[in-house]
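# give me coordinates for this.
(one chain, ligands or ions: 1)
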Amino acid sequence: MARYIGAVCKLCRREGGKLYLKGERCFTEKCAVSRRPYPPGQHGQARIKLSEYGLRLREKQKMRRIYGLLEKQFSGYYVQATHLKGRTGEEMLGLIERRLDNVVLRMGFASSRAQARQLVRHMHVKVNGKYVNIPSYVVSPNDKIEIEEAAKKIPFIAAALAAAGNRQQASWLEVDKETFSGTFKSMPVRDELNEPSVREQYVVEYYSR
Ligand code: SF4
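Predicted structure coming up:
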């Protein structure tokens, strides 16, 4: 599966806020959004008024970049969400939140989605006792996620767990730091997905135009 390998801080600056793509650096004063709070490029500091379409495009790009997805996969989540019963935007967010790489990040085993994705790709993560190396694997309620034995010695996992301890844990997850494991208890709660904020309704309007 292809992925974006360019400079990620530029993406945050383009979207006008922190997307938290670089782990702990995002919480320090080294963050590029704090140091240069304007879009990248020669005309980054020019004043540009976005059209209604532009607003929706930017919101779509922002949400896609937060989760590190390319367009084809991201728009696929929109199509899937339109077939579900709930509000399309919330269903779309829920589907993406249930990706294994995202759950590994939210449980605190990695400090960024890129790192979480690497853990999954390198077969360091088990779901219900079985190795899963597909970052887009959809986690279901009551699934048990664990870091495999040998990977527990990887320094960045312990560092990420320690750092995550200072942040609030999502209510739908239960994490046991001692055993490097956790349970996905229930479906994600929309109200808790506020940082970075996304206006999923704009994303739906972008795709349904
Ligand atoms: Fe870079 Fe993280 Fe700051 Fe974004 S939030 S600009 S990824 S340091």
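# not counting sequence-adjacent ones, nearest residue to the spatially most central residue of the chain?
Central residue of the chain (CA atoms, centre = their mean): Tyr67, 3.6 Å from the mean position. Leaving aside its sequence neighbours, Tyr67 sits nearest to Ile96 (CB to CB, 6 or more residues apart in numbering; 5.2 Å). Heads up, the C-betas are built off the backbone N, CA and C, glycines and all.
# burial measure for that neighbour, as a count.
24 (other CB atoms under 10 Å).
# now that it has come up, it's in contact with Asn102, right?
Yes. Ile96 is within contact range of Asn102, at 6.7 Å (criterion: CB atoms under 8 Å).
# common neighbours of these two, please.
Overlap of the contact sets of Ile96 and Asn102 (by CB atoms under 8 Å, 6 or more residues apart in numbering) consists of Tyr67.
# quick one on the thing from earlier: contacts only, for the residue nearest to Tyr67.
When contacts are counted by CB under 8 Å, 6+ apart, Ile96 touches Tyr67, Leu69, Tyr77, Asn102.
# what strand or helix carries the last one?
According to DSSP states H and E, Asn102 maps onto helix 100-106.
# contacts for the longest helix seen in the chain next, please.
Longest among the helix segments of the chain by residue count, using DSSP state H, is helix 52-66. Contacts with helix 52-66, where a contact means CB under 8 Å, 6+ apart, come from 4, 11, 14-15, 17, 19-21, 50, 70-71, 74, 93, 196, 198-200, 202-203, 205-207, 209.
# which positions within that helix qualify as buried?
Buried residues in helix 52-66, counted by 16 or more other CB atoms under 10 Å: Arg56, Leu57, Arg58, Glu59, Lys60, Gln61, Lys62, Met63, Arg64, Arg65, Ile66.
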